[in-house]
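Novice: Give me coordinates for this.
(chains A, B, C and D)
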Amino acid sequence: MWWVADADDAGGPVTNDAGGPVTNDAGPTPRSTVVVPVEPSPTLRATVSHVAEAAADGEFDAIHFVEIASWRDGDPGSDDRSAEARRVLERVSAWAEADLDDADGDTGDDVTVVSALIGADEYLFGPEDYVEVLAEYAGEHGADTVVLDPEYTPVGNTTLLQPLEFALSNTSLSVRTAPVGRPTRPERLRSEATGVRFAAMFGLSLAFYFVLGDPLYWFDWVTGVATATIVSITLSRISFDADPAIPRTPQRLVRGAIYVPVLLYEIVVANLVVARVILDPRLPIDPTLNRVRVIVGSGLPLMTLANSITLTPGTLTVRARDSDLYVHSLLPWAREGLFDGSLERWTRFVYYGRSAARLPTPRERDDHAILQGPDATEELPIAAADGGATGDDAGPEAAADAESGTGDEGVTDA
Amino acid sequence: MTLVDATVVAGYTVGDFLLLAAAGFVVLAIGMLYRAVKGPTMQDRVLAVNVLGTNTVVILAILAAALSEPTFLDIALVYALLNFLMAIAISKFTVERGGVL
Amino acid sequence: MIETLGTLGTVRVGLIVAFTLLGLFFSFVSMVGVLRLPDVYSRAHTASQADTLGAGFGLAAVALAVGWEGAGFKSVLLLFFIFVTNPTAAHAISRAAFEEGIVPWTEGDDRR
Amino acid sequence: MTGTSLLAAAAGNLLPTVTPAAPVPAQVTAVEGSLLAFVVLTALATALARDVLAAVIVFGAYSLGMAALYTFYRAPDVALTEAAISAGVTTVLLLLTLAKTTRIDHDVAFESVNVPAVGAVGLLFGGLLLTMGDVPAVGSPDAPVWSNPDVTQWYLSESYAQTGVDNTVMAVLAAFRGFDTFGEAVVVFAGGIAALIVLHREVFA
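Specialist: Sure, this is the predicted structure:
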């Protein structure tokens, strides 16, 4: 998908690889300045190569790599994050320089590579805020093109790409996504290795070892320490998203302990309802697939919520994509309960405290949809939208837009 | 005397009762086997085996209590973890054809 | 013989019996669900939920019978594992089904 | 005091305390029977399933049953091995093999059964089953081990002198029962050769 820069006739002279006359059918391409928002991602390297190649081919004469800060200067830990962001920018610039040097042709030499960390003076909330910051930067530096990394995820694990592209389309900037193959397999879930995480993992696995073994026997100490070391070396990098911190982690544990009886009660009550339905000879079920957008953050909170939803009968998390949960419900009753969002509220309570629990329910936020049956409000996206196996007779990929699919014509049948 | 030897009703002890319950769980497992064999999709089979595994864990735990051999709980523990691993491995396998292995 | 156990022991025996029966009941529900429900998604409901609860009750009975001084804590550990791993496994399985393109059964579908 | 005599002394202490086996209570046979039925059913399903992946999955269920059965017969070590090897490692190995090869989709769920072969196997099985009547019951005082303790004693006291192996079990396995073990080794070797032939290779490499 080659996008050609907006007809900007003021483009300078263009030379191609050999420095000879331009032979491109499309005619001379105006050279322009490109802005590339970066963030560590599996496809970042390939995106950088793509931009560098395009520049070496004479499309751009300046590349601006920007990292948009999702934090604000002065926040606790913001210095570390800024430093980390600058490291990423340095690395990206080095890659780009190397690619430009490698590229044949002499245009690579006069391409300027600039990197910047922007947006750290205010909090950014949605894609619009990101785009605003980006457009402002582009305006200041005379850039008219934005190249996006297909895996660009500025906030945690939430993909912002589509909303970002949409918001960018409202600006005068030209946008394209680097034609970079997404990895078929997700990269290994690895976070940074820190001493705290290592110690936490070590302590946990040693404690588990001694639960099964005998802490008073010296030999168990030897084997336990050895085992815990192996476990924490191999797993400490994938087991924690963030360092366990002193006020937060115990607080979460305590609030989690409050949540457990609530969850157990919910499980038992709902199990009885479902047991009645299953044992009913008529089997009065009405299963549908639903989509709920939840606001709990990614990682552990999302897993907790998805597992809680699965544990409470009548609802089953089929798939979690970004903050969208695809939930299969057995009964309308369970579906309504899901949209009322009490579990979501509890999860927020466990992880972020009482004040965070008071957000509107998915129903009030209108962040829900039924994907099947007569009440369907959205089409059923089937399989393969993001690198899964390909469905055989899948309907239109990814539900178009929520407004269009009203009736049940959207239901694909296999 | 331990709790397991206490009489529940008509001369049957708690141990006897637990053994009968274990037999009940096995009978349920046999029922579930139908789904594991019948399918029709691979996921149905994996699901059935996962449920069977959970049942086996309970059976092992009940045997540990009924036979007064608490060490049997270790086997149940190993099994609970392996069972999870098996379900994840097979369901990943059916989608990615060994991509995870 | 129950008299020699005292009130606490009697309550404990009663709880063991009750929990075991509840566990059997919910496992039975899970079996019926796995056998009767129409597609893999709805079967996954009972597999993850009714069965988890059944196993939970069964293991609670075992914990009571073995006692803390025995290895009851292992039983509690088992309970914890099952409550964490079972829904995750059910999610993995149903997700695999979804990615293979199996469309959930709805009213009127003749698959059974 | 050598290890051998310690063992002998321990065995000597154990021998007289043996009590005749109590009659088997009904609920024990209930567990045993249902577990056996489960194991036989899963084994049959594994053997008959046409789809290899289905067979692998059902085989997982079989090893679940076997582990429970071993546990029931109070062999927790064997049960643990069954759990780790059969349910864990074997499943992964079989899946790996499947991933490297192709899986054919079948319309038929089960293999067709060769009736004469089943008859022959059934006859052999029935014949072997007849000998079960002469096997002493578990824990029975009439078992040769107990009724004629001299044999056991002889092994315990003589195995070190005769074979130079510390561990009596090892001595019996590798020395007194050497031919048996040799036979097992031959079977494993034959298995390896068969694998090579199937793979069209000449050496293990």
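Novice: Now whichever strand or helix holds D:D150: buried residues?
Specialist: Assessed by DSSP states H and E, D:D150 sits inside helix D:149-163. Using 16 or more other CB atoms under 10 Å in any protein chain shown as the burial criterion, the residues of helix D:149-163 that qualify are D:P149, D:T152, D:Y155, D:L156, D:S157, D:S159, D:Y160, D:T163. For glycine as for every other residue, the C-beta is placed from the backbone atoms N, C-alpha and C.
Novice: Output the contacting helices and strands for it.
Specialist: helix D:3-14, helix D:144-147, helix D:168-171 (3 or more CB pairs under 8 Å, 6 or more residues apart in numbering or on different chains; DSSP states H and E).
Novice: any low-confidence regions in chain C?
Specialist: For chain C, the stretches flagged by pLDDT under 70 are C:1-5, C:70, C:107-112.
Novice: Repeat that for chain D.
Specialist: D:1-28, D:102-107, D:109, D:202-205.
Novice: Tell me which residue is most central in it.
Specialist: Nearest to the geometric centre of chain D sits D:V78, at 9.1 Å (CA atoms, centre = their mean).
Novice: Are we agreed that it is in a strand?
Specialist: No: secondary structure of D:V78 (DSSP: H, G, I helix; E, B strand; the rest coil): helix, not part of a strand.
Novice: Need the CA coordinates for the longest strand along chain A. CSV is fine.
Specialist: Ranked by residue count and defined by DSSP state E, the top strand of chain A is strand A:60-68. What follows is strand A:60-68 as a C-alpha-only set of coordinates in CSV (Å, rounded to 0.1, in the frame of the first residue of the first chain):
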residue,chain,number,x,y,z
PHE,A,60,11.8,12.1,2.5
ASP,A,61,14.6,14.4,3.3
ALA,A,62,14.1,14.4,7.1
ILE,A,63,12.9,11.7,9.5
HIS,A,64,11.6,12.7,12.9
PHE,A,65,11.3,9.9,15.3
VAL,A,66,9.1,11.0,18.2
GLU,A,67,8.1,9.2,21.3
ILE,A,68,4.9,10.5,22.8
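Novice: Show me the contact partners of that strand.
Specialist: A:12, A:31-39, A:48, A:51-52, A:54-55, A:85, A:88-89, A:92-93, A:96, A:110-119, A:124, A:130, A:133-134, A:137, A:141, A:143, A:145, A:154 (CB atoms under 8 Å, 6 or more residues apart in numbering or on different chains).
Novice: tell me the domain ranges of chain D?
Specialist: D:26-135, D:142-205 (automatic domain parsing).
Novice: winner for burial among these?
Specialist: Most buried of those by mean neighbour count (mean count of other CB atoms under 10 Å in any protein chain shown) is domain D:26-135; its value is a mean of 16.
Novice: Against which helices or strands is the next helix or strand after the longest strand of chain A packed?
Specialist: Using DSSP H and E, the helix or strand that follows strand A:60-68 in sequence is helix A:78-102. Helix A:78-102 sits against helix A:44-56, strand A:60-68, strand A:112-118, with contacts defined as 3+ CB pairs under 8 Å, 6+ apart.
Novice: so A:V327 sits in a helix?
Specialist: No: assigned with three-state DSSP, A:V327 falls outside any helix and is strand.
Novice: State the helix or strand in which residue 34 lies.
Specialist: Assuming you mean chain A. Using DSSP H and E, the element containing A:V34 is strand A:32-37.
Novice: Wait, chain B was what I had in mind.
Specialist: With DSSP H and E as criterion, B:Y34 is part of helix B:14-38.
Novice: residues in contact with the residue positioned nearest the centre of chain B?
Specialist: By CA atoms, centre = their mean, chain B has its centre lying nearest to B:T56, at 1.4 Å. By CB under 8 Å, 6+ apart, B:T56 lies in contact with B:A29, B:Y79, B:N83, D:L64, D:G65, D:A67, D:A68.
Novice: Flag every buried residue along the longest helix along chain A.
Specialist: What stands out as the longest helix in chain A, according to DSSP state H, is helix A:248-279. By 16+ other CB under 10 Å, the buried positions in helix A:248-279 come out as A:252, A:255-256, A:259, A:263, A:266-268, A:270-271, A:273-275, A:277-278.
Novice: in chain C, what residue is nearest chain A?
Specialist: Closest residue of chain C to chain A, CB to the nearest CB: C:G101 (2.8 Å).
Novice: and that residue, that one's in a strand?
Specialist: No: under three-state DSSP, C:G101 falls outside any strand and is assigned coil.
Novice: Distance-wise, check it relative to chain D.
Specialist: As for C:G101, its distance to chain D is 15 Å (criterion: CB to the nearest CB, to the nearest Å).
Novice: what does the stretch 201-350 of chain A put close to chain C?
Specialist: Proximity of the stretch 201-350 of chain A to chain C, by CB under 8 Å from any CB of the partner chain, involves residues A:211-212, A:267-268, A:270-271, A:274-275, A:278-279, A:283, A:285-289, A:303, A:306-307, A:310-319, A:326, A:328, A:330.
Novice: which of the residues you listed count as buried?
Specialist: Buried by 16+ other CB under 10 Å: A:267-268, A:270-271, A:274-275, A:278, A:285-289, A:303, A:306-307, A:310-319, A:326, A:328, A:330, out of these.
Novice: Intersect those residues with the contacts of chain B.
Specialist: Counting by CB under 8 Å from any CB, no member of these reaches chain B.
Novice: returning to that earlier point: just the angle for the longest strand of chain A relative to helix A:78-102, thanks.
Specialist: 160 degrees (axes from the mean of the first three to the mean of the last three CA atoms, to 10 degrees).
Novice: Quickly find the element holding the one residue in chain D that gets nearest to chain B.
Specialist: Closest to chain B within chain D is D:A99: 2.6 Å, counting by CB to the nearest CB. Taking DSSP H and E as the definition, D:A99 sits inside helix D:91-100.
Novice: So is that helix next to chain C?
Specialist: No: using CB under 8 Å from any CB, helix D:91-100 stays clear of chain C, coming no nearer than 13.4 Å.
Novice: in chain B, which spans are helices?
Specialist: Secondary structure of chain B (DSSP H): helices at B:14-38, B:42-66, B:72-96.
Novice: Could you list every helix and strand in contact with the first one?
Specialist: Read that as helix B:14-38. Using 3+ CB pairs under 8 Å, 6+ apart: helix B:14-38 touches strand B:7-9, helix B:42-66, helix C:6-36, helix C:50-66, helix D:26-48, helix D:52-72.
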